[in-house]
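*Asks:* Just to be clear, the model below is a prediction. Sequence and coordinates:
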Amino acid sequence: MLDFRLYMAQRLSALVMAPFVIVHIGVMIYAIQGGLTAAEILGRTQGSLFWFLFYGMFVVAVSIHAAIGLRVILFEWAGLKGTVLSVVAWAIGLILFAMGANAVWAVTA
Amino acid sequence: MHVAKHGSVMNVTVQRGTADMAPRNETFEVPVYDNQTVLDVVSWIQQNADPTLTYRFACRVGMCGSCAMMVNGVPRWTCRTHVGKVLKGDKIDIAPLRNLPVIKDLAADMDPFFDKWVAAEGHHHPTRTRHEEIEPVNPQAEERVEASAGIECINCSICYSACDTVAGNSDYLGPAALQRAWTLYNDAKDANKDAILDAVSGSGGCHNCHSMGSCTAYCPNDLDPLSAIAGLKRATTRRFFGRGN
Amino acid sequence: MKVARAHPLWLAYILHRASGIALALFLPLHFWVLSLALIDAARLDSFLTLTELPMVKLAEFGLVFLLAVHMFGGLRLLAMEWLPWTAPQKTWAVAAVAGSLFISGTFFLQAI
């Protein structure tokens, strides 16, 4: 069910995300020291173009990656196929993107 | 490893049934002999307990792959499976190969397996005619070594039955067919490698493989479809980025 | 009849799939909590005080572990598929899990 194009989208979004994941985990390890508050998070991210672009691209990549990954699982393990599968997979991708973009905006605007 | 005593008895559960009914299990008491294989056990049942039991075998010496069945949930050549290796207490479970339709009892329908073998474009595309000199192949060339690693496949379908991706995806061409395509892709004399890559890039193609490696783990001929499929993925990716063959 | 599956590469596959599912389920929650910064900053702060709880710290460790496992497992796959070496795959599977444990361990140690 994964043809070459879906496979490449999956692999490329994964490659793009690898450095993002490493930075994100690093920042988290740093951020949670001494407790976590909204003020501390927003102090770092609010008004920052860098974090906007960073997390913005992260959200795009993860929406593609997770949607394709779940598409495969729904096909192989839940037996969804054809149009239903496509609709559900697209919906997952778009909802993740919408929620993610909203979150990025919430912390960087 | 259980050593069953000569003279004692095993409880062998066998899956029965045809394509149009739900499978049922039937248990037979089979006497233990020294040096017994699972094929011996199935043959004993058919010869002494129930002549209606259907099963397949041919060479009975581990060359043809016809006797492949699920033994305690693992696909094996039954003629090469010593009872001592699989006996659980005094029980053995025998079923037809997974991921294939059942014809009757332990005989599975190999048609889907062979259809996919063809669909993967694992056939030779010639570069020369019979009127030209034969093009030599260097047996030490890296490509040839790679191809030779996969040509001993005897189409027994054990890898196909072991694969969970085949189980979840009926379109998936499967390890044997894809490995064959890889051997042709690496054949120095093949004229149409693009056709091979196209054939393995569809919705049932090599990109569905999750690299769980059950194919390589269970192949009785010690072949490595896992690496062959990774090779196909690499070749299709290279082609995408324009680096050619 | 289940196919016997105890071998390492199959376990790596299942771990990769399970971690992917868990992360995919976690993400919407994560995005929603963060969006509270816009809607209701006080509520975000009250959520964040939950991070002091030991159970939550354990869950965070779990999440970081799953993320690291998923990423290292994925990188192992990419290496196996795209790099021309025949990697010693079992070693890679182990190294992937080890790397994940190290990273999530670091996280956990910093968090407590």
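*Replies:* Now that the structure is in, tell me what you want to look at.
*Asks:* List the buried residues of the lengthiest helix in chain A.
*Replies:* Longest helix in chain A, counting residues (DSSP state H): helix A:49-78. By 16 or more other Cβ atoms under 10 Å in any protein chain shown, the buried positions in helix A:49-78 come out as A:51-52, A:54-55, A:58-72, A:74-76. Heads up, the C-betas are built off the backbone N, CA and C, glycines and all.
*Asks:* Among those, which ones lie close to chain B?
*Replies:* A:Val72, A:Phe75, A:Glu76 (Cβ under 8 Å from any Cβ of the partner chain).
*Asks:* contacting residues around the second one?
*Replies:* This points to A:Phe75. A:Met1, A:Lys81, A:Leu85, B:Gly168, B:Asn169 (Cβ atoms under 8 Å, 6 or more residues apart in numbering or on different chains).
*Asks:* Please indicate which of the residues you listed are buried?
*Replies:* The neighbour count (16+ other Cβ under 10 Å) marks A:Met1, A:Leu85, B:Gly168, B:Asn169 as buried among the contacts of A:Phe75.
*Asks:* Model confidence for the spatially closest residue to the first one that is not a sequence neighbour, exactly?
*Replies:* Across the structure, with Cβ to Cβ, 6 or more residues apart in numbering or on different chains as the measure, the residue nearest A:Met1 apart from its sequence neighbours is A:Phe75 (4.8 Å). The score at A:Phe75 is 96. That number is its pLDDT.
*Asks:* and what of A:Ile64?
*Replies:* 97.
*Asks:* just checking, it touches A:Ala9?
*Replies:* Yes. A:Ile64 is in contact with A:Ala9 according to Cβ atoms under 8 Å; the separation is 5.8 Å.
*Asks:* ok, which residues in chain B are in contact with chain C?
*Replies:* Counting by Cβ under 8 Å from any Cβ, chain B sits next to chain C at B:15, B:70, B:72-75, B:93, B:95, B:98, B:161-162, B:164, B:210-214, B:217, B:226-227, B:230, B:233-234, B:237.
*Asks:* can I get the ones next to chain B among the buried residues of helix A:49-78 in JSON lines with distance to B:Ile151?
*Replies:* What follows is those, written out as JSON lines (distance: Cβ to Cβ, whole Å):
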{"residue": "A:Val72", "distance to B:Ile151": "31"}
{"residue": "A:Phe75", "distance to B:Ile151": "32"}
{"residue": "A:Glu76", "distance to B:Ile151": "30"}
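*Asks:* Chain B: which of those is nearest?
*Replies:* Distance to chain B across those (Cβ to the nearest Cβ) is lowest for A:Glu76, with 3.1 Å.
*Asks:* residues contacting that closest one?
*Replies:* A:Met1, B:Thr165, B:Gly168, B:Asn169.
*Asks:* Would you agree the first one is in contact with B:Gly168?
*Replies:* No. With contact defined as Cβ under 8 Å, A:Met1 does not reach B:Gly168; the gap is 9.2 Å.
*Asks:* what's the distance between A:Gly43 and C:Ile103?
*Replies:* Note on A:Gly43: its distance to C:Ile103, by Cβ to Cβ, to the nearest Å, is 25 Å.
*Asks:* before we move on, back to that, show the subsequent helix or strand relative to the longest helix of chain A.
*Replies:* Next helix or strand after helix A:49-78 toward the C-terminus (DSSP states H and E): helix A:82-108.
*Asks:* Contacts only, for the residue most central in space within chain B.
*Replies:* Chain B has B:Ser157 as the residue nearest its centroid, 2.2 Å off, counting by Cα atoms, centre = their mean. Contact partners of B:Ser157, counting by Cβ under 8 Å, 6+ apart, are B:Gly65, B:Ala68, B:Pro75, B:Leu97, B:Leu100, B:Ala108, B:Met110, B:Phe113, B:Ala176.
*Asks:* Tell me if the fourth one really is in a helix.
*Replies:* No. Checked against DSSP: H, G, I helix; E, B strand; the rest coil, B:Leu97 lies outside a helix; its state is coil.
*Asks:* neighbours around it, how many?
*Replies:* 24 (other Cβ atoms under 10 Å in any protein chain shown).
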